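What would the 3D arrangement of this be:
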Amino acid sequence: MELLARGATDFAEIPVKAAARLASAIRNPKPAARRVSEGLEAISEVAWNFANPAPELPLNVEIGTHRRFIWMRSELATFKRIKDALGGTVNDVVLAAVSGGLRNWLQARGVKTEGLELRALVPVSIRAEGEHGQLGNRIAAMRGPLPVYVEDPVRRLDVVREAMGELKQSKQALGAEVIARFNDFAPPTLLAQASRINFSTRLFNLIVTNVPGPQMPLYVLGRELEDVFPVAFLPENHALAIAIMSYNGGINFGLLADYDSMEDVGYLSRCIEDSLAELLEAAKEAEPERPKFGEPAEAPTS
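Next up is the predicted model:
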C-alpha cells in the first residue's frame, strides 16, 4: 500500500514538473533550446550505436547458469608508472592491458585479429557536481574501444587514449542521461524500450568496469581488509565480464566467465598479465635514465 501511495504521488507530480520546466524554458529560451538540441543529438548518437552492433566473437554465445571466477593482483603504482611514462590515464592503461590480453586469447582460439576492434561496456558516473555524496547511483553505459588489431603495446595504449578522449567529448553519456530522465514523463513501456536500446547486448562484447577504491586500509572489528576482488555480472549471450578495483595501493582484477564456454579463462588472465608486463617494460624504456647512487646528475646543456 505504501508503494502504491508513493507511486500515485509521483504520478500526480508529473504535471507540476512539466509546468515548472515549461516556465523555466519560457524565462530562458536560449539555454532551453540548446539543451533540447543537445538532447536530440545525444539520442541520435545512441540510435546510431544501436544500428552498428559489436562484432560477433566466441565471447558472445549462449551461456548457462554456472560460472568460473578468476582473480589477479597488481599494484596501482605499476599502472601509474605506465601512464606517467606513456601517457593517458589509469583507466586507459587498464583497457590497453585488457585489449592485449584479449588479442592473444583470441589468436589462441584461432580468431583473426587483423582489423578487429572489440567494444567494451564501460560504466561511467553522470552525477553532477552538486550531487556528490548523495545516496544511489547515476551511471551511464558507454561503449569503449578494445583495439585487439594493434600488435605494439605502446601503439595500442595510444589508440585507447585517443579513442577514450573522443568518447568523453561525445554525446553517449548525455544520451543515456536523457533516456534516464524519461521516467519523469514517459509511460513505463516507452521507458523500458529506451533503456533496452541503451543497454542492448548487441552493442558490446563484454563489460569492463574499473572502480577506484579507497587508498587506505579498512577494518572491520579490528580485522584489516587485505584485498578486494570485484565481481561483475554476465548479460545475456555474454560469456565474460571483467571488473577491476583499486584498494590501498593495489589493483585487482575479477574475471567472471560462463562455465561451459570459457574453460580457458585462466589462460586469459595470464594473457592480461603478460600484456601489462609488456606495457611496463615499454614504460621503463621510455623513462629518462636516472643517475646511479653516488653519481652526480647530468648537468643541463645550454
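
so where do the helices sit in the protein?
According to DSSP state H, the chain carries its helices in the segments 2-27, 29-50, 76-86, 90-108, 153-169, 172-180, 188-198, 265-286.

Now for Val265: which residues touch it?
Val265 makes contact with Arg68, Ile70, Leu240, Leu255, Ala257, according to Cβ atoms under 8 Å, 6 or more residues apart in numbering. Quick note: C-beta positions are derived from backbone N, CA and C, even for glycine.

Sort out for me which of these are in strands.
Among the contacts of Val265, DSSP state E puts Arg68, Ile70, Leu240, Leu255, Ala257 in strands.

Nearest to Arg103 among those?
Closest approach between these and Arg103, by Cβ to Cβ: Leu240, at 14.2 Å.

need the contacts of Val265 in TSV with distance to Gly249 and pLDDT, can you?
Shown next, in TSV, are the contacts of Val265 (distance: Cβ to Cβ, whole Å; pLDDT from 0 to 100):
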residue	distance to Gly249	pLDDT
Arg68	28	97
Ile70	22	96
Leu240	27	96
Leu255	21	97
Ala257	27	97
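
Same list (those) but as TSV, adding neighbour count and distance to Arg270.
What follows is those, written out as TSV (neighbours: other Cβ atoms under 10 Å; distance: Cβ to Cβ, whole Å):
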residue	neighbour count	distance to Arg270
Arg68	18	14
Ile70	19	9
Leu240	26	15
Leu255	26	11
Ala257	26	14
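
any chance of those residues in CSV, plus distance to Glu151?
Putting these into CSV (distance: Cβ to Cβ, whole Å) gives the following:
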residue, distance to Glu151
Arg68, 28
Ile70, 25
Leu240, 22
Leu255, 23
Ala257, 25
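
For the protein, name the helix or strand with the lowest mean pLDDT.
helix 188-198 (a mean of 46; mean pLDDT, DSSP states H and E).

just to revisit the earlier point, show me the least confident stretch of the helices of the chain, going by mean pLDDT.
Lowest mean pLDDT within the helices of the chain: helix 188-198, a mean of 46.

Could you check how many residues crowd around Leu146?
By the criterion of other Cβ atoms under 10 Å, Leu146 has 29 neighbours.

Over to Val211?
Neighbours of Val211 (other Cβ under 10 Å): 12.

Among the contacts of Val265, which one lies nearest to Glu226?
Distances from Glu226 to those, taken by Cβ to Cβ, are shortest for Ile70, at 18.4 Å.

could you list every residue that touches the closest one?
Neighbours of Ile70 in contact, by Cβ under 8 Å, 6+ apart: Gly254, Leu255, Ala257, Val265, Gly266, Leu268, Ser269.

what's in contact with stretch 87-97?
With Cβ under 8 Å, 6+ apart, stretch 87-97 has contacts from 76, 79-80, 82-83, 86, 120, 122, 144-146, 153, 156-158, 160-161, 164, 208, 210, 244, 246, 272, 275-276, 279.

which of those residues count as buried?
76, 79, 82-83, 86, 120, 122, 144-146, 153, 156-158, 160-161, 164, 208, 210, 244, 246, 272, 275-276, 279 (16 or more other Cβ atoms under 10 Å).

distance of Val160 from Tyr247?
Val160 sits 23 Å away from Tyr247, going by Cβ to Cβ, to the nearest Å.

Check Leu4 too.
Counting by Cβ to Cβ, the separation of Leu4 from Tyr247 is 42 Å.

now do Lys112
Remark: distance between Lys112 and Tyr247 (Cβ to Cβ) = 38 Å.

With neighbour numbers in mind, choose between these two.
Applying other Cβ under 10 Å to Lys112 and Tyr247 shows that Tyr247 carries more neighbours, namely 22 against 9.

isn't that one right next to Met216, touching?
No. Assessed by Cβ atoms under 8 Å, Tyr247 is found out of contact with Met216, at 9.0 Å.

Right, I'll leave it there.
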